[in-house]
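Q: below are the sequence and a predicted model for it; my questions follow.
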Amino acid sequence: MFKRLSTDTINTILIIGAVLLILEIVFYNGGLIFSVIFAGVLIYFGWKNYRSLWGKVLFWIGSVSVFFTILNMMAIRFLILVGLGMLLINYYRSKNTPQKVEPVIRDDTPLNSETSPIFEQKFFGGQSTPEYSYRWHDINIHGGFGDRIVDLSHTVLPDDEAVISIRHFVGNIHIYVPYEVEVSIHHSALLGRAAIFQYQKAKLLNQMVSFQTEHYKTKKPRVKIITSLVSGDIEVKRV
């Protein structure tokens, strides 16, 4: 998300936050500095004597005081609102302009060369299978916001079993599987829907869905899919 922002934009946000902080200290909340210093003293002496009961009490009283004092600052509220606004804008951008890329096999990649994973650990934004991939690498990622698209139609699956493991916060997961590939799916969601081949689940409320094709245990190639979402839909279909 922050990679899309220019340096000037980030500097402007920081300058506004600093101006709000100075204005609050000078005109609105002159006792703010005293509160922070007093809480800092409590934290210091509490940490120095943390093994004793009164030390723990002083430390946590100071920590809670600093937390709420900072949270009540106008500058901090401004930065929180900016962060939430950027989060919503980035999420709707990823929904309105999804990018789907099919992997292309490159025969010129050496077998013993170091290769990059298909997916990166990415908290914001959508993500899809890479444009070039010589061989399949199991997917095991954690995500935050945005959609995830996995297209298996133009990649080479291993002889034993391919594994896709995606743990995601908010967003949809789309997985496209060739007709000759057998599939086993374990999906859990706090809130969402599931469309797995002919299986349709209109509403998932803190539920787990398991699905397995008829010849999964006896035929190859096959792929094992393990996914979990806090909020979002999963779609698995043949291509």
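A: Noted; the coordinates are in hand. Numbering: from 1, shown residues only.

Q: most centrally placed residue in this structure?
A: residue 144 (1.6 Å; CA atoms, centre = their mean).

Q: could you measure from that residue over to residue 211?
A: Remark: distance between residue 144 and residue 211 (CB to CB, to the nearest Å) = 26 Å. C-beta here means a position set from N, CA and C on the backbone, and glycine is covered the same way.

Q: the longest helix seen in the chain packs against which elements?
A: Ranked by residue count under DSSP state H, the longest helix found in the chain is helix 74-96. Helix 74-96 is packed against helix 7-23, with contacts defined by 3 or more CB pairs under 8 Å, 6 or more residues apart in numbering; DSSP states H and E.

Q: quick check: next helix or strand after the helix it packs on?
A: helix 32-48 (DSSP states H and E).

Q: show me what counts as buried in that following helix.
A: If you call a residue buried by 16 or more other CB atoms under 10 Å, then helix 32-48 has these buried ones: 32, 35, 36, 39, 42, 43, 46.

Q: likewise stretch 72-91?
A: 73, 75, 76, 78, 79, 86, 90, 91.

Q: look up the closest residue to the fifth one, ignoring the ones flanking it.
A: If I follow you right, that is residue 79. Closest residue to residue 79 apart from its sequence neighbours, by CB to CB, 6 or more residues apart in numbering: residue 17 at 5.3 Å.

Q: how close does the one you found sit to residue 145?
A: As judged by CB to CB, residue 17 and residue 145 stand 23 Å apart.

Q: ok, the two, which is more surrounded?
A: The neighbour comparison of residue 17 against residue 145 (other CB atoms under 10 Å) goes to residue 145, with 21 against 18.

Q: isn't the more buried one up against residue 171?
A: Yes: the pair residue 145 and residue 171 qualifies as a contact (CB atoms under 8 Å) at a distance of 5.9 Å.

Q: quick one on the thing from earlier: quick one, which of the buried residues of helix 32-48 has the minimum pLDDT?
A: Ranked by pLDDT, the buried residues of helix 32-48 bottom out at residue 32 (69).

Q: all strands for this structure, in order.
A: With strands called from DSSP state E, the chain shows them at 127-128, 139-142, 148-151, 162-170, 173-177, 182-196, 199-212, 222-231, 234-238.

Q: got JSON lines for those, with mean pLDDT and mean neighbour count too?
A: What follows is those, written out as JSON lines (pLDDT from 0 to 100; neighbours: other CB atoms under 10 Å):
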{"stretch": "strand 127-128", "mean pLDDT": "58", "mean neighbour count": "21"}
{"stretch": "strand 139-142", "mean pLDDT": "81", "mean neighbour count": "16"}
{"stretch": "strand 148-151", "mean pLDDT": "85", "mean neighbour count": "21"}
{"stretch": "strand 162-170", "mean pLDDT": "87", "mean neighbour count": "19"}
{"stretch": "strand 173-177", "mean pLDDT": "90", "mean neighbour count": "22"}
{"stretch": "strand 182-196", "mean pLDDT": "90", "mean neighbour count": "19"}
{"stretch": "strand 199-212", "mean pLDDT": "85", "mean neighbour count": "12"}
{"stretch": "strand 222-231", "mean pLDDT": "90", "mean neighbour count": "20"}
{"stretch": "strand 234-238", "mean pLDDT": "90", "mean neighbour count": "18"}
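
Q: identify whichever of those lies nearest to residue 66.
A: Closest of the strands of the chain to residue 66 is strand 162-170, at 28.3 Å (criterion: CB to CB).

Q: got the CA coordinates for the closest one in CSV?
A: Presented in CSV, the C-alpha positions along strand 162-170 are these (Å, rounded to 0.1, in the frame of the first residue of the first chain):
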residue,chain,number,x,y,z
ALA,A,162,0.8,-30.2,-5.0
VAL,A,163,-0.2,-28.2,-1.9
ILE,A,164,-1.8,-24.8,-1.8
SER,A,165,-2.1,-23.3,1.7
ILE,A,166,-3.6,-19.8,2.0
ARG,A,167,-4.5,-18.1,5.2
HIS,A,168,-6.1,-14.7,4.5
PHE,A,169,-7.9,-12.0,6.4
VAL,A,170,-10.3,-10.1,4.1
